[in-house]
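Novice: prediction below, plus the sequence it came from.
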Amino acid sequence: MSNAADLLKQKCCHQVTALNAEEIAQRLQAVSTWKLQDGKIVREFTFPDYYDTLAFVNAIAYVIHAEDHHPELVITYNRCIVKFNTHSVNEGKGGLSDNDFICAAKLNAVYERSFA
């Protein structure tokens with residue numbers, strides 16, 4: 001998976017393995033708006049007002065549910081911070097998997113289509 005288009009074609013799966021540092025760096029290039037922070041990939045989405053912020057949260061809820069991969073969300077008046085990691089990898093210690101980057105690419109697409 002070398003670019004966002006490749007990631008958008010993928011579906012999250014339940015049997016995943018943790019990515020190593022090189023794989024994480026490669027996938028971060030595909031979703032360059034996301035940053036690595038405390039073992040998670042993080043992006044802050046900004047909006048003009050609370051209504052648009054909540055509209056985005058509702059739109060991504062569909063994606064999150066369909067992919068069965070749930071991020072941490074921080075919602076304020078005009079922004080939504082999304083943090084992905086995979087709790088089930090590394091013997092339950094957590095880490096990053098392809099699922100995190102698949103969902104990041106899909107959330108980017110939602111934002112670009114409707115809110116950017």
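Specialist: Great, that's in hand.
Novice: so how far is Ile60 from Tyr77?
Specialist: For Tyr77, the distance to Ile60 equals 17 Å [CB to CB, to the nearest Å]. In this view, the C-beta of every residue, glycine as well, is placed from N, C-alpha and C.
Novice: now for the helix or strand bottoming out on mean pLDDT in the chain, which elements pack on it?
Specialist: Least confident helix or strand of the chain, by mean pLDDT, DSSP states H and E, is helix 4-9 with a mean of 88. For helix 4-9, the packing partners by 3 or more CB pairs under 8 Å, 6 or more residues apart in numbering; DSSP states H and E come out as helix 21-30, helix 98-114.
Novice: quick one: residues contacting the residue positioned nearest the centre of the chain.
Specialist: Note on the chain: the residue nearest the mean C-alpha position is Ala104, at 2.7 Å, using CA atoms, centre = their mean. The neighbourhood of Ala104, defined by CB atoms under 8 Å, 6 or more residues apart in numbering, consists of 7, 31, 34, 41, 43, 82, 84.
Novice: that one - nearest residue in space that isn't next to it in sequence?
Specialist: With sequence-adjacent residues excluded and distances taken as CB to CB, 6 or more residues apart in numbering, Ala104 is closest to Val31, at 4.4 Å.
Novice: what's the local residue count around Gln10?
Specialist: A total of 16 residues lie near Gln10 under the criterion other CB atoms under 10 Å.
Novice: wait, it sits on Asp100?
Specialist: No: the criterion here is CB atoms under 8 Å, and Gln10 misses it with Asp100 at 11.5 Å.
Novice: rank the contacts of Ala104 by pLDDT and give me only the lowest.
Specialist: Summarising pLDDT for these: the lowest-scoring member is Leu7, with 91.
Novice: thought Phe101 was touching that residue, still the case?
Specialist: Yes: at 5.6 Å, Leu7 and Phe101 qualify as touching, with contact defined as CB under 8 Å.
Novice: mind checking which of the two has more residues around it?
Specialist: Neighbour totals were compared for Leu7 and Phe101, and Phe101 leads with 26 against 21 (other CB under 10 Å).
Novice: pLDDT at the more buried one, what is it?
Specialist: Value listed for Phe101 in the pLDDT field: 97.
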